[in-house]
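In: Need coordinates for the following:
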Amino acid sequence: MSFLILLAAMLQGGPTPSMHVAIQPISIGMSHQVDSGPLNESRTVNIILPAGYAKAPAKRYPVLYLIDGGVDQDLLNVAGVALNGGIWGRSADAIIVGVETKDRRRELVGPTGDPELLKKYPTAGSSAAFRAFIRDEVKPLIERSYRTSGQDAVIGESLAGLFIVETYMAEPALFGGYAAIDPSLWWDKEALSKLAATKIGARQKSRPLYIAIAKEQSEEPAAVSRVIAAVRADGARLCFNPRPDLTHATIYQQLSPQALQFLLPPAEAPPAAFGFEVSCSPKS
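Out: As a prediction, the model looks like this:
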């Protein structure tokens with residue numbers, strides 16, 4: 001049926017012509033249920049494949065691991081960014097792996113001795129178990145189930161960004177590249193950042209790191225400054241992007257395309273006329 005005929009009928013207040021509407025679900029990916037040993041419960045891992053995955057059976061793809069990757073978390077936002085980046089040649093086509101979280105303070109922060117935090121968040125402090133879940137269960141599942149290239153990266157914001165910085169410091173070989181968008185480095189009186197000078201060194205040198213901070217942390221930069229100083233002293237590949245013009249609520253949507261361009265660049269650089277860029281502090 002012509003849309004114009006239908007619209008005209010509606011505007012005239014007359015009866016709309018009968019029509020048959022076929023309804024079909026839209027499928028954008030798939031979910032795996034993983035019975036996790038380290039977490040002692042079942043967890044959801046969501047997969048979204050590149051647009052051309054089925055049509056290129058011999059091609060292998062990098063993997064982008066997304067922390068807070070549930071359907072009702074950041075999966076759809078970041079998957080859209082990644083798919084659009086691949087379409088426009090801003091970033092490489094990638095397999096998106098959304099790792100869902102349930103209790104974010106249990107899973108995304110390390111142990112704390114602060115009695116006030118423990119009183120408010122009694123489950124906090126099991127980030128090592130969540131890291132083991134990714135290392136020992138999620139990554140092997142992805143590597144045996146999908147055509148991966150051996151290249152990967154991880155992205156997350158807020159507490160997920162804190163987990164990513166902690167992983168970069170504690171187990172840098174877990175991922176090939178790291179993107180922490182406005183990481184919650186203020187957590188536990190900035191305890192993680194105070195370890196940066198002793199935890200960042202030769203092991204991180206081959207692992208690119210993208211860190212962006214919003215207005216709130218730009219106004220109190222001590223924690224992120226410790227991390228950035230340690231990374232620069234090591235000489236690792238770094239993109240530090242302070243954005244006081246953005247807030248914690250807006251920075252992820254604005255800067256995730258840059259983070260993917262930095263960590264998963266396309267085989268051929270996009271035309272300059274497209275205006276794609278990665279903005280880094282001049283000292284990066």
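In: low-scoring stretches of the stretch 1-150 of the chain, by residue?
Out: Applying pLDDT under 70 to the stretch 1-150 of the chain flags residues 1-18.
In: Quick one: the helices in it, in order.
Out: All helices of the stretch 1-150 of the chain, identified by DSSP state H, counting those that start in this stretch, fall at 3-11, 75-88, 104-108, 115-120, 127-133, 139-145.
In: Parallel or antiparallel, list what pairs with the longest strand seen in the chain.
Out: The longest strand of the chain (DSSP state E) is strand 148-157. Taking DSSP bridges as the criterion, strand 148-157 forms sheet pairs with strand 61-67 (parallel), strand 178-181 (parallel).
In: what would the ones you listed look like in JSON lines with distance to Trp187?
Out: From N, CA and C alone the C-beta is placed, and that goes for glycine too. Shown next, in JSON lines, are those (distance: least, Cβ to Cβ, whole Å):
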{"stretch": "strand 61-67", "distance to Trp187": "15"}
{"stretch": "strand 178-181", "distance to Trp187": "13"}
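In: which one of those strands is the most hemmed in?
Out: Greatest average neighbour count among these goes to strand 178-181 (a mean of 28), per mean count of other Cβ atoms under 10 Å.
In: How about residues contacting the helix or strand just after that one?
Out: Next in sequence after strand 178-181, counting helices and strands by DSSP states H and E, comes helix 187-190. Identification of contacts with helix 187-190 by Cβ atoms under 8 Å, 6 or more residues apart in numbering yields 109-110, 112, 114, 117, 159, 162, 222-223, 226.
In: Which among the residues you listed count as buried?
Out: Neighbour-count burial (16 or more other Cβ atoms under 10 Å) applied to the contacts of helix 187-190 gives 109-110, 112, 117, 159, 162, 223, 226.
In: got those as TSV, with distance to Ile96 columns?
Out: Formatted as TSV, those follow (distance: Cβ to Cβ, whole Å):
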residue	distance to Ile96
Val109	24
Gly110	26
Thr112	31
Leu117	32
Leu159	20
Leu162	21
Ala223	29
Arg226	31
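In: if we can go back for a sec, pick the most buried one from the helices of the stretch 1-150 of the chain.
Out: helix 104-108 (a mean of 22).
In: Which strands or helices does that one pack on?
Out: For helix 104-108, the elements it packs on are helix 127-133, helix 159-170, judged by 3 or more Cβ pairs under 8 Å, 6 or more residues apart in numbering; DSSP states H and E.
In: Figure out how far that helix is from the centre of its chain.
Out: 16 Å (Cα atoms, centre = their mean, to the nearest Å).
In: can you check stretch 171-189 too?
Out: Using Cα atoms, centre = their mean, the offset of stretch 171-189 from its chain centre is 11 Å.
In: Dump that stretch to CSV, keeping only the CA atoms.
Out: C-alpha atoms of stretch 171-189 as CSV (Å, rounded to 0.1, in the frame of the first residue of the first chain):
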residue,chain,number,x,y,z
GLU,A,171,47.0,-8.2,34.3
PRO,A,172,47.8,-6.2,31.2
ALA,A,173,48.2,-9.3,29.0
LEU,A,174,44.5,-10.0,29.3
PHE,A,175,43.6,-7.6,26.5
GLY,A,176,45.5,-6.1,23.6
GLY,A,177,44.2,-2.6,24.2
TYR,A,178,42.3,-0.7,26.8
ALA,A,179,39.7,2.1,26.8
ALA,A,180,38.5,3.6,30.1
ILE,A,181,35.9,6.3,29.7
ASP,A,182,35.7,8.5,32.8
PRO,A,183,36.9,5.7,35.1
SER,A,184,35.7,6.1,38.7
LEU,A,185,39.3,6.6,40.0
TRP,A,186,37.8,8.5,43.0
TRP,A,187,36.6,5.2,44.4
ASP,A,188,38.1,4.1,47.8
LYS,A,189,39.8,7.5,48.3
